[in-house]
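Student: got a sequence here, can you build the structure:
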Amino acid sequence: MPNEPEPHSPLRTPRVRALTPPGARRATVIGAGSFGTALAVLLARGGLRTTLQTRTAEQAASMEAERENQRYLPGVELPPQLRIEPVSAGVARADYVFLAVPSRGLGDVIDRLASTGLGERCAVVSVAKGLVPPKGLPPTLVLSERFGAHRVACVGGPAHAQEMVHAGAGLVAASSEQDLARALAQVFTRAGVVCEQSDDPVGVELAGAAKNAAALAAGATEAQGLNAAGAAAGHIFAEVWRYAEGLGARPSR
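Tutor: Now for the predicted structure:
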């Protein structure tokens with residue numbers, strides 16, 4: 001009986017822009033304020049090998065010894081698997097880099113990323129609230145211009161640091177790369193936090209900025225009555241809506 005040819009698997013075209021596959025992935029959080037610390041705790045709980053980077057070596061040594069961020073997030077014990085180090089250590093081994101710094105200083109951090117060993121396949125995730133000066137752009141737009149939109153994401157709220165680690169919170173992971181948004185959402189879900197995913201990172205960022213600005217506007221006009229406060233907040237949302245559409249976001253969705 002003649003030998004039949006052995007079956008073989010069809011060739012698969014690799015994804016040119018594929019990020020690191022699931023496995024022992026590493027995350028580095030730059031910024032050890034309240035939100036950055038809470039974020040690092042959640043990432044460690046979610047199964048990532050997480051490092052929290054502080055501004056100075058002294059801050060890193062203090063947090064390592066106390067296993068707590070007494071200045072910014074008191075009462076929250078840092079997981080034993082969470083590594084603490086100064087930002088000078090770089091990000092060469094990271095699969096995800098989370099930028100948990102104020103938006104006013106985000107431009108400088110972005111400028112330094114390439115010199116700190118950022119890998120070509122490393123995803124860069126902003127959790128900054130607000131816009132990046134001097135042009136007032138959403139963080140993911142600035143990051144996309146430097147590193148490509150396929151490896152850029154953001155994580156938005158509403159969420160408070162203490163709520164995130166103690167009671168859970170509502171988060172949104174957003175990226176134009178669907179697989180990246182899904183991977184981030186899964187990490188937070190494993191950590192016990194409700195996290196939706198979105199393909200509109202600019203819209204998510206501007207929604208957060210609008211919420212904060214509207215709250216300030218309402219507070220500033222509250223003495224004139226609730227109607228005036230509501231009108232002030234409404235004007236803020238309308239302005240941000242128009243700005244978001246101009247940048248390609250989809251606020252109507």
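Student: show me the shaky parts of this protein.
Tutor: 1-24, 158, 208-218, 228-229, 232-245, 247, 249, 251-253 (pLDDT under 70).
Student: swap the cut-off to 90 and go again
Tutor: 1-24, 114, 129-131, 136, 156-170, 203-253 (pLDDT under 90).
Student: show me where this structure has its helices.
Tutor: With DSSP state H as the criterion, the chain has helices at 34-45, 57-66, 106-113, 139-147, 161-166, 178-190, 201-221, 226-246.
Student: render the CA-only coordinates of the first one in CSV, please.
Tutor: Once non-C-alpha atoms are left out, helix 34-45 reads as follows in CSV (Å, rounded to 0.1, in the frame of the first residue of the first chain):
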residue,chain,number,x,y,z
SER,A,34,-0.9,57.2,45.8
PHE,A,35,-2.3,56.1,42.5
GLY,A,36,0.9,54.6,41.2
THR,A,37,1.4,52.6,44.4
ALA,A,38,-2.2,51.3,44.3
LEU,A,39,-1.8,50.4,40.6
ALA,A,40,1.4,48.4,41.4
VAL,A,41,-0.4,46.5,44.2
LEU,A,42,-3.2,45.6,41.8
LEU,A,43,-0.8,44.5,39.0
ALA,A,44,1.0,42.3,41.5
ARG,A,45,-2.3,40.8,42.6
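Student: ok, back up a step: now render the helices of the chain as TSV, adding distance to residue 79.
Tutor: Where you see a C-beta, it was placed from the backbone N, CA and C, and this is true even at glycine. Conversion of the helices of the chain to TSV gives the following (distance: least, Cβ to Cβ, whole Å):
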stretch	distance to residue 79
helix 34-45	4
helix 57-66	12
helix 106-113	25
helix 139-147	27
helix 161-166	10
helix 178-190	13
helix 201-221	27
helix 226-246	37
